[in-house]
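**Q** got a structure for you, letters missing:
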Ligand SMILES: Nc1ncnc2c1ncn2[C@@H]1O[C@H](COP(=O)(O)OP(=O)(O)O)[C@@H](O)[C@H]1O
Ligand SMILES: C=C(OP(=O)(O)O)C(=O)O
Ligand SMILES: [K+]
Ligand SMILES: [Mg+2]
């Protein structure tokens, strides 16, 4: 992993003869004549007095790898060629991969359809299956130039049912008596019997408690306790799915006895995390986060274990505790997920929309990417078109300008994964366009997020560049960034035009793929902005992705500069 990332810093084969000192001279392929010279004369240049951070300086290695000069996928290139900058999709799309989408050709169809991040849910599937999916996504990226990131979502230790002995679902009818038990059974399971993963379950529930499956997909009343077995009568019939979440309620409140003491990251989760680190996943989403402490703990664990490779930690906001400690959790994390499925099982449903909006805004203030998840297109698990209400829900998340939308069952086990993805794509495009044209988005007053002076400069540069881009009607902002930080600060401003983020590392490129409005490219570059720009223009022009005359605002985190220019 570390070795692979390192080799990506090497310049492309075509520039093998370059040495650091010769970088400002145009490389042979950059003899563009008049156009190239024009690019070296920006209309405006602002440069801060602060010296460039030394760790941001690129030193091309003369033993270059055979990496192509720029990594871009065919789907993005085609989109830019056909529709131009203005109509690229800004909202990112996360697809949960499951039995309906795990074959290589199904994954490719999702990538072509706009999947930016593939999510694997560790509640389901086994190690070999997960490994197969992660490697298939990597292969797709290597062979087809995609930058699909992989997100591993932990199981967490909340109470849930077992896997129904292999059945894909079970139906509970009104009045039926079912046994919920912590015993382990031989297969096949006795009729109307459900395993529960939490040993304290039978002790904690009381006769008269209400038991909700997945927040109300089915309801039971506890009628009798017999040692490890709890007999429950179905009061609201419904479908039971493998590993469905269980909550129990007493006098109208959710009961959180000893289960509130369960660790957020279970021992099984730690093994999964080790596996994720070894396989080089890009994101780890932590289920049922209760405090910032667990996020800090995981981040130090990853730093110690992964020798330099950077895995981002996403806090899933889905429990009452996570709402109590919201701001400190988000500050500690690299991003958040509004996990509306379990959240809706823990708080009254009518509170979910306002909490969603609050989390989305808070994440933007704190410069953390945010994903809106669960039931966006739930009916498309079975039907080829969404309900009007689902389209309205997706539109609202896009209007709030969340970074990303997520499919769960729709892509994991639904009948129409590609159609569901296409609905997210077309609704995002339409709403984004509408809001841009009508200038309908409320101007969010962005507070300062930077602590160091150097970061403050970057932040001010990004805020100004976004404002200039809107004011000048720029076609694109280009940002050359090593760590991705400046790209994320630009994304936070939600400018009217797309942001082309050029980074030397494939892992940074994949991580940026979760963030609103960023089109990430892998490119080796130097700290000479003029030569970077010339080279980038020529590479993108050769692919038909930009044209002479396009108005570009270019930033770099090496020089902390802003340039405004027309593409030569
Ligand atoms: N790896 C997998 N193997 C089998 N089924 C899966 C897998 N991932 C997801 N699913 C199915 O897709 C459904 C929706 O996925 P998701 O929302 O991630 O899980 P959950 O419903 O457990 O929260 C799951 O209930 C499960 O039926
Ligand atoms: C995304 C969620 O988590 P999971 O699918 O893992 O339950 C959720 O609860 O909304
Ligand atoms: K999960
Ligand atoms: Mg959940």
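**A** Alright, I've got the coordinates. Not measured: the values here are computed from a predicted model. Ligands and ions are numbered 1, 2, ... in the order given.
**Q** Relative to ligand 3, how far out is residue 315?
**A** Distance, residue 315 to ligand 3, using Cβ to the ion, to the nearest Å: 13 Å. Any C-beta I mention is one placed from the backbone N, CA and C, and that applies to glycine too.
**Q** Thought residue 293 was touching that residue, still the case?
**A** No: if you go by Cβ atoms under 8 Å, residue 315 and residue 293 don't touch, sitting 11.6 Å apart.
**Q** out of these two, which sits in the more crowded spot?
**A** Per other Cβ atoms under 10 Å, whichever of residue 315 and residue 293 has more neighbours is residue 315, with 33 against 14.
**Q** How about the contacts made by the more buried one?
**A** Residues near residue 315 by Cβ atoms under 8 Å, 6 or more residues apart in numbering: 285, 286, 289, 295, 322, 329, 330, 332, 333, 335, 336, 337.
**Q** can you give me the helices for the stretch 401-550 of the chain?
**A** Along the stretch 401-550 of the chain, counting by DSSP state H, counting those that start in this stretch, helices occupy 409-412, 417-437, 453-472, 485-492, 506-512, 529-542.
**Q** So for ligand 2, which of those sits nearest?
**A** Proximity to ligand 2 (Cβ to the nearest ligand atom) singles out helix 409-412 among the helices of the stretch 401-550 of the chain, at 8.6 Å.
**Q** which secondary structure elements does that closest one contact?
**A** Helix 409-412 sits against strand 92-96, helix 417-437, with contacts defined as 3 or more Cβ pairs under 8 Å, 6 or more residues apart in numbering; DSSP states H and E.
**Q** run the last query once more with 6 Å
**A** Here helix 409-412 touches strand 92-96, going by 3 or more Cβ pairs under 6 Å, 6 or more residues apart in numbering; DSSP states H and E.
**Q** The strand it packs on and ligand 3, are they touching?
**A** No: contact of strand 92-96 with ligand 3 is not found when judged by Cβ under 5 Å from the ion; the minimum separation is 9.4 Å.
**Q** Could you list the low-pLDDT ranges of the stretch 351-500 of the chain?
**A** Applying pLDDT under 70 to the stretch 351-500 of the chain flags the ranges 440-443.
**Q** so what's the closest residue to ligand 3 within it up against?
**A** Closest residue of the stretch 351-500 of the chain to ligand 3, Cβ to the ion: residue 408 (9.6 Å). Residue 408 sits next to 96, 374 when contact means Cβ atoms under 6 Å, 6 or more residues apart in numbering.
**Q** can I get the helices of the stretch 401-550 of the chain in JSON lines with mean neighbour count?
**A** Converted to JSON lines, the helices of the stretch 401-550 of the chain look like this (neighbours: other Cβ atoms under 10 Å):
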{"stretch": "helix 409-412", "mean neighbour count": "26"}
{"stretch": "helix 417-437", "mean neighbour count": "19"}
{"stretch": "helix 453-472", "mean neighbour count": "18"}
{"stretch": "helix 485-492", "mean neighbour count": "26"}
{"stretch": "helix 506-512", "mean neighbour count": "25"}
{"stretch": "helix 529-542", "mean neighbour count": "22"}
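**Q** possible to save these as JSON lines with distance to ligand 4?
**A** Output for the helices of the stretch 401-550 of the chain, formatted as JSON lines (distance: least, Cβ to the ion, whole Å):
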{"stretch": "helix 409-412", "distance to ligand 4": "12"}
{"stretch": "helix 417-437", "distance to ligand 4": "19"}
{"stretch": "helix 453-472", "distance to ligand 4": "33"}
{"stretch": "helix 485-492", "distance to ligand 4": "26"}
{"stretch": "helix 506-512", "distance to ligand 4": "22"}
{"stretch": "helix 529-542", "distance to ligand 4": "40"}
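**Q** Quick check: closest non-adjacent residue to residue 125.
**A** Leaving out its chain neighbours, the residue that sits closest to residue 125 by Cβ to Cβ, 6 or more residues apart in numbering is residue 98, at 7.6 Å.
**Q** same check, this time on residue 449
**A** residue 367 (4.8 Å).
**Q** Let's verify the one you found: helix, strand, or coil?
**A** Following DSSP: H, G, I helix; E, B strand; the rest coil, the label given to residue 367 is coil.
**Q** ok, now how distant is residue 93 from residue 212?
**A** Per Cβ to Cβ, to the nearest Å, residue 93 is found 30 Å from residue 212.
**Q** Tell me which of these two has more neighbours.
**A** Taking other Cβ under 10 Å, residue 93 and residue 212 do not tie; residue 93 has more neighbours (24 against 21).
**Q** and the closest residue to ligand 4 within the chain, how far is that from residue 324?
**A** For the chain and ligand 4, the shortest gap (Cβ to the ion) falls at residue 342, measuring 3.6 Å. Separation of residue 342 from residue 324 (Cβ to Cβ): 15 Å.
**Q** and what of residue 145?
**A** 44 Å.
**Q** Show me which residues of this structure are close to ligand 2?
**A** 121, 123, 153, 287, 318, 339, 340, 341, 342, 373, 374, 408 (Cβ under 6 Å from any ligand atom).
**Q** how about a cut-off of 5 Å?
**A** Proximity of the chain to ligand 2 is confined to 318, 339, 341, 342, 373, 374 under the rule Cβ under 5 Å from any ligand atom.
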